[in-house]
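In: Build me a model from this:
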Amino acid sequence: MPEYFKQLLQRARRCPVACFMKVIFLLLFIAAVVIACFFQFSMTKHEYAGFIIAIGYVAVLALAAHRNCRLNLEA
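Out: Numbering: from 1, shown residues only. Below you'll find the predicted structure:
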């Protein structure tokens with residue numbers, strides 16, 4: 001586990017924007033699952049659809065940031 005954590009920190013130092021976008025995407029995805037499971041009737045369908053669209057937009061930005069980073073894991 002320490003080796004995995006070391007690689008994770010190395011990636012975060014090389015490309016902090018990509019790592020930040022991945023964390024934001026993960027948190028938004030977890031929030032969407034929690035809303036879908038526990039708070040089904042607190043949001044309208046249109047609000048939830050907008051939230052899912054926002055999560056998709058963050059996912060696309062995370063993929064674009066990851067592709068532009070060019071990580072070299074062997075070094």
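In: When you work out contacts or count neighbours from here on, use the C-alpha atoms and nothing else.
Out: Noted.
In: in which helix or strand would I find the most centrally placed residue in the chain?
Out: In the chain, the residue lying closest to the centroid (CA atoms, centre = their mean) is residue 25, at 2.1 Å. According to DSSP states H and E, residue 25 maps onto helix 16-38.
In: For the next helix or strand along the chain from that helix, give the mean pLDDT please.
Out: Counting by DSSP H and E, the next helix or strand C-terminal to helix 16-38 is helix 45-69. Helix 45-69 comes out with an average pLDDT of 85.
In: So what's the gap between helix 45-69 and the chain middle?
Out: Remark: helix 45-69 is offset 8 Å from the chain centroid, using CA atoms, centre = their mean, to the nearest Å.
In: Give the buried residues for it.
Out: With burial defined by 16 or more other CA atoms under 10 Å, the residues of helix 45-69 counted as buried are 48, 51, 55, 58-59, 61-62, 65-66.
In: what's that helix packed up against?
Out: helix 16-38 (3 or more CA pairs under 8 Å, 6 or more residues apart in numbering; DSSP states H and E).
In: what is the orientation angle of the helix it packs on with helix 45-69?
Out: Taking axes from the mean of the first three to the mean of the last three CA atoms, to 10 degrees, one finds helix 16-38 and helix 45-69 inclined to each other by 160 degrees.
In: before we move on, the earlier item: the residue nearest to the centre of the chain reaches residue 57, doesn't it?
Out: No: Residue 25 lies out of contact with residue 57 (CA atoms under 8 Å); the separation is 9.3 Å.
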